[in-house]
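Student: A structural model of the following input is requested.
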Amino acid sequence: MAKPSDAPITPLARVRNIGIAAHVDAGKTTLTERVLFYTGASHKIGEVHEGSAHMDWMAEEQAHGITITSAVTQCPWKDHLIQIVDTPGHVDFTIEVERSMRVLDGAVIVMDGVRGVEPQTETVWRQANRFDVPRFLFINKMDRPGADFDRALASVQKRFGDTPVPVCVPVVESETVLHVIERVAYTFAGEKGEQIASRPLTDDEAELVESYRETLLLALADHDDDLAELVLMDEDPPQDQIWQVLRRCTAESLVRPAFSGSALRNWGVQPMLDAVLKLMPSPIDAPPSIGRHPESGEETSVAIDRDGPLVALAFKVQLFEGRRHVFLRIYRGVLEPGQTVALAGRDQTERVARIFGIDANRKSRLDRAVAGQIVLAAGLRHATTGDTLCDPEHPVLLESINAREPVLGLAIEPESSRDTEKMLEVLRKVTEEDPTLRFEEDEETGQNILKGMGELHLQITFERIEREFGLKLRVGRPRVVHRESISQQATAEGSVDKIIESGDKRLELRAVAKATVWPLDRDGGVQITAEPEVRSEVGVVASADQLLAIAEGARDALAGGTLEGAPLEDVAVRVDEVSLFESGSSPQALRIAVAAAVRQALAQAGPVLLQPVMKIEVVVPDEYVGPVIGDLQSRSAVINGHESEEGSATISAECGLTRLIGYTTDLRSMTRGKGQFVMEFDRFDAA
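Tutor: Below you'll find the model as predicted:
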């Protein structure tokens, strides 16, 4: 490990924090490898298909040929520092994209030039929208047969309603890109495309560029009066003005600039890199984050400032060499080794032992980190994903990071009973690292269940546990995670009337409650109204403790449904009335009576089992469309449509997860290995 770095810190105006995101197999890691090579951050290009990609450093990533964990690196480019997060494209690892988008100032969305917008493209787009991340497009794989730049842009307009604007247009035959703003052609030579040169446009190229330039200018003119005036007067705006307007429109998400090329064939990457500097905001250009005081709730603005009191967000926990490390994005102030920080809202402080710069899985010690940086911290035992670290004297709580609920569970046990304690400790570590993993014991069977986002997610987890911790697990059959709800309204009464004697103590429990339940729309959550009419023979008024117990009783009943004991969703509960009987109606008695009333009402309200419903997209050669649709229908899938282009069909459908377990193998068998499919959790719904 290198000694602590004393390199000068890049001014914030010349820093860019960007992410690279895409659907699986669109080529984003290949693009990142070229970026590292061209900027001099890496001296060779690693290839995903060879298992040598610099950013895919985990053994499981190299074995499976996919990105599993988001990797952070940085590279210099033309007096700027670009901090890059390369994110996974597989939907099972979508938490990696979610927490990366939370801390980025900009993003490059990579798209396959043949496929255009794909299912996971939609997911990462929504995640970027959630955090208002400015972004532009890199239309990749333009060397593939069937690639179409215009069709890819049209798919963005159609699927997202956004306005893509062309900046670098591909000429596939000569592996050239035509720059719409600069009106030059960029060519790429050398063994790895590292020799970039510009030349004037030919007449044919100039004619093509002018048509795209008109599209660009008309789109920008809608958002800038000065530019609109020049366009209306048929005058040619200067380059600087176009870049300035395009930068503002990109930051405000009014347009999505589009670049093109082929990362694998080494052309089109450097103009995109130049655009990162021109179009992506620096940390000081990005809008301030909104925080609040953890106790008063008062809102406060957190602007990037190296002189203010510390505010940082923990966005990821990662085990390196078996040791716990925490990724931090620093929003304000300075962080140094040995510094004590507060975990906002948790009444807890921690000491930062060491700070590292990070390059994939390579660490370099830093003597300090400042606002605008993404760094790795060691020594934090309690900080976890979504925690705000701040100056203990100036508490601030930033928006956290929400993890999706897992949908698939597997019963697990160690191969040797002697390893039970080790298994529990290992699972504690991996679930801290990945918030979409859940570990629990099944109350009915006593089995240990590990839940995750899908079969691949859990498979990778087991492989990592064996490699990193030397622990082999026996795994049972997949178990789909269910929820429960109700289908109708019902009212019921519950009561308790008993005496508990223990030694010389005598406890009387006596209370009656009535409750009503009714279903809510899907994604309606759970609503509890606990303001009942209080009936009492002697005029007793319910105390604050009794009213609290009434609400707690309703919550107790909602912990599990009446069919499988699964968590309830989309249910409203109202405690209508309670009857009190002097000393017997203690808070404990009321809690028991209310819980009994709600459970009885739930049992009478037409309970239904909800299963995970997945949105799926299946891509197969045209000749297999009929059999594949027939097979999906046999699995009770709802076919939403299919499109055919270039001899390949895309089938969109919804299907219960239970019927999709093992579908990858079945699809390959039906299509002689030529079919592919992806799925994404959509909602819980009635089976």
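
Student: I figured residue 466 hits residue 472, correct?
Tutor: Yes - in this structure, residue 466 is within contact of residue 472 by C-beta atoms under 8 Å, at 5.6 Å. (C-beta placed from N, C-alpha, C; glycine too.)

Student: buried residues in stretch 156-164?
Tutor: Of all the residues in stretch 156-164, those buried under the rule 16 or more other C-beta atoms under 10 Å are 156, 160, 162, 163, 164.

Student: next: stretch 201-213.
Tutor: Neighbour-count burial for stretch 201-213 [16+ other C-beta under 10 Å]: 201, 205, 208, 209, 212, 213.

Student: now, which of those sits nearest residue 272?
Tutor: Closest approach to residue 272 among the buried residues of stretch 201-213 (C-beta to C-beta): residue 212, at 16.1 Å.

Student: for residue 172, see how far away that closest one is.
Tutor: For residue 212, the distance to residue 172 equals 15 Å [C-beta to C-beta, to the nearest Å].

Student: could you find the closest non-adjacent residue to residue 683?
Tutor: Spatial nearest neighbour of residue 683, excluding adjacent residues (C-beta to C-beta, 6 or more residues apart in numbering): residue 613 at 5.4 Å.

Student: who does that neighbour form a beta bridge with?
Tutor: When assigned by DSSP bridges, residue 613 has beta-bridge partners residue 656, residue 683.

Student: for residue 184, same thing?
Tutor: Counting by DSSP bridges, residue 184 is bridged to residue 179, residue 200.

Student: pretty sure residue 526 sits against residue 568.
Tutor: Yes - checked against C-beta under 8 Å, the pair residue 526 and residue 568 is within contact range at 6.3 Å.

Student: between those two, which is the more surrounded one?
Tutor: residue 568 (23 against 16; other C-beta atoms under 10 Å).

Student: quick check: bridge partners of the more buried one?
Tutor: Here residue 568, judged by DSSP bridges, has bridge partners residue 484.

Student: measure it to residue 370 for me?
Tutor: With C-beta to C-beta as the criterion, residue 568 and residue 370 are 47 Å apart.

Student: tell me where the model's unsure across the stretch 551-687 of the chain.
Tutor: Applying pLDDT under 70 to the stretch 551-687 of the chain flags the ranges 582-584, 646, 687.

Student: please, where are all the helices along it?
Tutor: Shown for the stretch 551-687 of the chain, the helices assigned by DSSP state H, counting those that start in this stretch span residues 587-604, 625-634, 663-670.

Student: next one: the stretch 351-500 of the chain
Tutor: 420-433, 455-469.

Student: now the angle between helix 663-670 and the last one, please.
Tutor: Following axes from the mean of the first three to the mean of the last three C-alpha atoms, to 10 degrees, one obtains 110 degrees for the angle between helix 455-469 and helix 663-670.

Student: which elements pack onto helix 455-469?
Tutor: helix 59-64, strand 408-414, helix 420-433, strand 448-452, strand 473-480 (3 or more C-beta pairs under 8 Å, 6 or more residues apart in numbering; DSSP states H and E).

Student: low-confidence ranges, the stretch 251-400 of the chain, go.
Tutor: 360-361.

Student: fine, thanks again, bye for now.
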